[in-house]
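# A predicted structure for the sequence below; I have some questions about it.
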Amino acid sequence: MDILKENGDDIYGHDGINLITPIMGKTHLTLMFQILGFSSDIKHRISLVATEGTVPDANGYMAVELRHNAEGDRQEYLSHGYVSFPLSDIPGYKEGKLQGFKIKTNTINNGEETVTVSYNKSKSINIPFIQEDMSNTKIK
């Protein structure tokens, strides 16, 4: 997770991103997403961002943003991707206080939305795999 520091550079972008499937397991937060892009040669940045000093609320949920920086790539074609963030450095995780996330996104079509994701205790999870439109997105 990246920390957005007060008066710091905001390199995380505000380009549209759709959160499709959020899964919080024992050690990672894994997200399936959709973005718009054009060139497979341009690396997009996908970031989980919190403001400096953010900690889980009284119910154990941490407010974060899923951000997309297209790095100047034209926003034309829809593609899918997955990203996984380790939980070990998230405030409250080691103490057992982190129960989930409230993830704010700037969606492609609907503007700002917030999705709540909680720890998934099941042993098996079906993550949709979209084969017909694989992403060339590279994570920085």
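Noted; the coordinates are in hand.

# okay, now L36: neighbour count?
L36 has 19 neighbours, counted by other Cβ atoms under 10 Å. The C-beta positions use only the backbone N, C-alpha and C, and glycine is treated the same way.

# what's near enough to touch it?
For L36, the contact set (Cβ atoms under 8 Å, 6 or more residues apart in numbering) comprises 15-16, 70, 75-79, 108.

# how about TSV for these, with distance to F38 and neighbour count added?
Below are the contacts of L36 laid out as TSV (distance: Cβ to Cβ, whole Å; neighbours: other Cβ atoms under 10 Å):
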residue	distance to F38	neighbour count
D15	12	20
G16	14	18
A70	9	22
Q75	7	14
E76	5	9
Y77	6	14
L78	11	13
S79	10	18
I108	14	16
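
# just these now: which is nearest T51?
D15 (19.4 Å; Cβ to Cβ).

# buried sites along stretch 34-47?
For stretch 34-47, a neighbour-count test (16 or more other Cβ atoms under 10 Å) marks 34-37, 44-47 as buried.

# swap in stretch 15-24?
So stretch 15-24, judged by 16+ other Cβ under 10 Å, has buried residues 15-20, 22-24.

# quick revisit: which of the contacts of L36 fall in helices?
The helices in this structure, assigned by DSSP state H, contain none of the contacts of L36.

# neighbours of L29, just the number please.
Residues within reach of L29, counting by other Cβ under 10 Å, total 25.
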